[in-house]
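Chemist: here is a sequence together with a model predicted from it:
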There are 2 protein chains.
Amino acid sequence: MVDLTVRPLVINYKTLEEFKKFKEYGVQELSMMEDLQDNIIENDSESPFYGIYFGDKLIARMSLYRIDEKYDRYFDPPQDYLELWKLEVLPQYHDRDYGSTLVNFAKTFNLPVKTNARQGSSQFWEKMGFEAVTYNPERDRGENPYVWYPEGVTEQDV
Amino acid sequence: MVDLTVRPLVINYKTLEEFKKFKEYGVQELSMMEDLQDNIIENDSESPFYGIYFGDKLIARMSLYRIDEKYDRYFDPPQDYLELWKLEVLPQYHDRDYGSTLVNFAKTFNLPVKTNARQGSSQFWEKMGFEAVTYNPERDRGENPYVWYPEGVTEQDV
């Protein structure tokens, strides 16, 4: 049974093994693996990842990281916001809104959310209430930033 | 005939029409199109793009943007560096090293180069003399940064 609870993921060998099933496996995951192997981080350390489980199998995940107000170049008034990345549902579990469940969870912090929309995903983000920002090459460097504004928050002038 | 000269691309309707053939078409291209239509930028304005032409057809491109030293969090000593993105060769022109030609062109500025390596591209970047950096979640936010160091430049401690 799919338990639709979104859970924070801890870093241990089981989680890192499950991460290998996701397409967006890269430097971040390799670095967590090395840190665990070298005892730089402890087993069951906190991670910036959240996930949804089917039984004991991780079937969807995202990374969510709180960015300090002093780095905020997207929101007015400037404030802490969440950067969302590596949103991914395993292929056999697509089309069941698990991606939306994760994004809605991100919104519950009531902080602005910023993501870099992958090619062809604008429709999904718009459905989730996100908007494209005014593109700024120096800040955005080829990203396709989409943001979600909680009430009272607007786009920062660039 | 393919002219292997790498040319800076100017922003005009022809270039923007050719950009539509590339997979990584997004907010950046749409924004340039709007700026041109609204006369915010002039026809034939400079762009951060460089490309390779087959006759008058654009077949490969990349974006290259000089980042100011004060934002440098990758290199030691801190310095201006180039952010490289949207490196792409049209599918029918793959396997002829046009991607390498563009990357080698980027190196001729003799500034450090940083890119966000796409899934499955590490081998290409390593062949081009790039290296993965030590992952820093706050700085890298899910990117897979690969960098190229000119002589005398090393990785910045994070």
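Modeler: In hand now; what should we look at?
Chemist: outside of the lowest-mean-pLDDT helix or strand in chain A, which residues touch it?
Modeler: Lowest mean confidence among the helices and strands of chain A (mean pLDDT, DSSP states H and E): helix A:137-140, at a mean of 84. Defining contact as CB atoms under 8 Å, 6 or more residues apart in numbering or on different chains, one finds that helix A:137-140 is touched by A:Arg73, A:Val133, A:Val158, B:Val27, B:Gln28, B:Pro48, B:Tyr65, B:Ile67. Bear in mind the C-beta positions are built from the backbone N, C-alpha and C, glycine included.
Chemist: could you redo these as CSV and give each row pLDDT?
Modeler: Listed next are those as CSV, based on pLDDT from 0 to 100:
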residue, pLDDT
A:Arg73, 93
A:Val133, 92
A:Val158, 71
B:Val27, 85
B:Gln28, 88
B:Pro48, 92
B:Tyr65, 93
B:Ile67, 93
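Chemist: now go through these and say which are in helices.
Modeler: Secondary structure from DSSP state H places B:Val27, B:Gln28 of the contacts of helix A:137-140 in helices.
Chemist: which ones among the contacts of helix A:137-140 map onto strands?
Modeler: B:Pro48, B:Tyr65, B:Ile67 (DSSP state E).
Chemist: so which of the residues you listed is the most crowded?
Modeler: B:Pro48 (23 neighbours; other CB atoms under 10 Å in any protein chain shown).
Chemist: just checking, that residue touches B:Met62?
Modeler: No - using CB atoms under 8 Å, B:Pro48 makes no contact with B:Met62, being 9.2 Å away.
Chemist: what's the following helix or strand after the least confident helix or strand of chain A?
Modeler: Counting by DSSP states H and E, the next helix or strand C-terminal to helix A:137-140 is strand A:145-148.
Chemist: put the alpha carbons of that following strand into CSV.
Modeler: Provided in CSV are the C-alpha atoms of strand A:145-148 (Å, rounded to 0.1, in the frame of the first residue of the first chain):
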residue,chain,number,x,y,z
PRO,A,145,13.1,29.3,-12.8
TYR,A,146,9.5,28.7,-11.6
VAL,A,147,8.4,30.1,-8.3
TRP,A,148,5.4,29.9,-6.0
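Chemist: off-centre distance for that strand?
Modeler: 12 Å (CA atoms, centre = their mean, to the nearest Å).
Chemist: also stretch A:56-72?
Modeler: Remark: stretch A:56-72 is offset 4 Å from the chain centroid, using CA atoms, centre = their mean.
Chemist: quick check: buried residues in that stretch?
Modeler: By 16 or more other CB atoms under 10 Å in any protein chain shown, the buried positions in stretch A:56-72 come out as A:Leu58, A:Ile59, A:Ala60, A:Arg61, A:Met62, A:Ser63, A:Leu64, A:Tyr65, A:Ile67, A:Asp72.
Chemist: what separation is there between the fourth one and chain B?
Modeler: What it means is A:Arg61. 12 Å (CB to the nearest CB, to the nearest Å).
Chemist: so who does the residue lying closest to A:Ser47 once chain neighbours are set aside touch?
Modeler: Computed as CB to CB, 6 or more residues apart in numbering or on different chains, the closest residue to A:Ser47 that is not its neighbour in sequence is A:Ile11, at 4.7 Å. The contact partners of A:Ile11, taken as CB under 8 Å, 6+ apart, are A:Met32, A:Asp35, A:Leu36, A:Ile41, A:Asn43, A:Asp44, A:Ser45, A:Glu46, A:Ser47.
Chemist: turn those residues into TSV, including distance to A:Glu88 and pLDDT.
Modeler: Below are the contacts of A:Ile11 laid out as TSV (distance: CB to CB, whole Å; pLDDT from 0 to 100):
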residue	distance to A:Glu88	pLDDT
A:Met32	16	92
A:Asp35	22	92
A:Leu36	21	94
A:Ile41	23	91
A:Asn43	24	93
A:Asp44	22	92
A:Ser45	21	91
A:Glu46	20	91
A:Ser47	15	91
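Chemist: please convert the buried members of those into PyMOL selection syntax.
Modeler: Per 16+ other CB under 10 Å, the buried members of those correspond to this PyMOL selection:
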select buried, chain A and resi 32+36+41+47
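Chemist: can I get the contacts of A:Ile11 in a markdown table with secondary structure?
Modeler: Formatted as a markdown table, these follow (DSSP: H, G, I helix; E, B strand; the rest coil):
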| residue | secondary structure |
| --- | --- |
| A:Met32 | helix |
| A:Asp35 | helix |
| A:Leu36 | helix |
| A:Ile41 | coil |
| A:Asn43 | coil |
| A:Asp44 | coil |
| A:Ser45 | strand |
| A:Glu46 | strand |
| A:Ser47 | strand |
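Chemist: nice, that's everything, thank you.
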